[in-house]
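Chemist: From the sequence below, what's the structure:
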Amino acid sequence: MKYPSIINNLIECFKKLPSIGEKSAERLALATLNMDDEVLEVFAESLENVKKKITNCKICNHLAEGELCEICKNKEYRDQTTLCIVEESKNVILFEKLGSYNGLYHVLGGLISPLDGITPDDINLNSLMDRIKEGNFKEIILAIKPSIEGETTTLYISKLLEGLPIRVSKIAHGVPLGVEMEYLDSLTLEMALEDRQDIS
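Modeler: Residues are numbered from 1 along each chain as shown. Reported below is the predicted structural model:
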């Protein structure tokens, strides 16, 4: 039996989301039929606003509503001398949920991967280096996943920072090789941050 075209279109839309297959998309689409009008209105408005109003912070490249993200705005309560470099915004959220890190972040927006044609110019390294030169950082923490691309990026950044009077460290590798950061439990991630090692 075929659904009306409006529901079929909604199913196809849900299928475009990561890890949503046919059955899950169908369930989600049908669930919207039982939503209150107010909830559905907020849902539709939120989807629209995500595309229209979410930008990248002009300082750190994290997700923001407006020019600056909440972390970069919060100068009074954030440690301005520590910078944690991560691959993507969801890594920032992971560290913020831990609640044990109070410094600043820089989101690269990808990792160096010559096999995929991603070079240092394709990620946010120029803005990172400008920020480090202009800032007053005492420590740079490289919190990048332990994969070939992650290690390549970590090595490249550590070479760029050589000779600067700044401690450069990377998170400890209780983190299994090749794992996505988002799948780590909070204790492993917190220990990896606390046990970070200096990069010589």
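
Chemist: Low-confidence bits of this structure, can you list those?
Modeler: 1, 172-195, 197, 199-200 (pLDDT under 70).

Chemist: what about the strands in it?
Modeler: 54-56, 63-65, 82-86, 104-107, 139-142, 167-170, 197-198 (DSSP state E).

Chemist: So residue 116 versus residue 152, what's the distance?
Modeler: 11 Å (Cβ to Cβ, to the nearest Å). C-betas here are computed from N, CA, C, even on glycine.

Chemist: out of these two, which sits in the busier spot?
Modeler: Between residue 116 and residue 152, counted using other Cβ atoms under 10 Å, residue 152 has the larger neighbour count: 17 against 11.

Chemist: Does the more buried one touch residue 115 like I think?
Modeler: No. The criterion here is Cβ atoms under 8 Å, and residue 152 misses it with residue 115 at 10.1 Å.

Chemist: one step back: which residues are in contact with each of residue 116 and residue 152?
Modeler: Residues touching both residue 116 and residue 152 by Cβ atoms under 8 Å, 6 or more residues apart in numbering: none at all.

Chemist: Can you tell me the closest non-neighbouring residue to residue 119?
Modeler: Of all residues not flanking residue 119 in the chain, residue 112 sits nearest, at 6.7 Å (Cβ to Cβ, 6 or more residues apart in numbering).

Chemist: which ones are touching the one you found?
Modeler: Counted by Cβ under 8 Å, 6+ apart, residue 112 has contacts 118, 119, 120, 123, 149, 152, 153, 156.

Chemist: who's in contact with the nearest residue to residue 10 once chain neighbours are set aside?
Modeler: Spatially, and ignoring its direct neighbours in sequence, residue 10 is nearest to residue 29 (4.2 Å; Cβ to Cβ, 6+ apart). The neighbours of residue 29, taking Cβ under 8 Å, 6+ apart as the test, are 3, 7, 10, 11, 14.

Chemist: mind redoing it with 10 Å?
Modeler: Residues counted as contacts of residue 29 (Cβ atoms under 10 Å, 6 or more residues apart in numbering) are 3, 6, 7, 8, 9, 10, 11, 12, 13, 14, 15.

Chemist: try residue 79
Modeler: Residues near residue 79 by Cβ under 10 Å, 6+ apart: 101, 102, 103, 104, 137, 138, 139.

Chemist: Wait, the second one touches residue 78, no?
Modeler: If I follow you right, that is residue 102. Yes. Using Cβ atoms under 10 Å, residue 102 makes contact with residue 78 at a distance of 6.1 Å.

Chemist: any common contacting residues for these two?
Modeler: Residues touching both residue 102 and residue 78 (Cβ under 10 Å, 6+ apart): residue 71.
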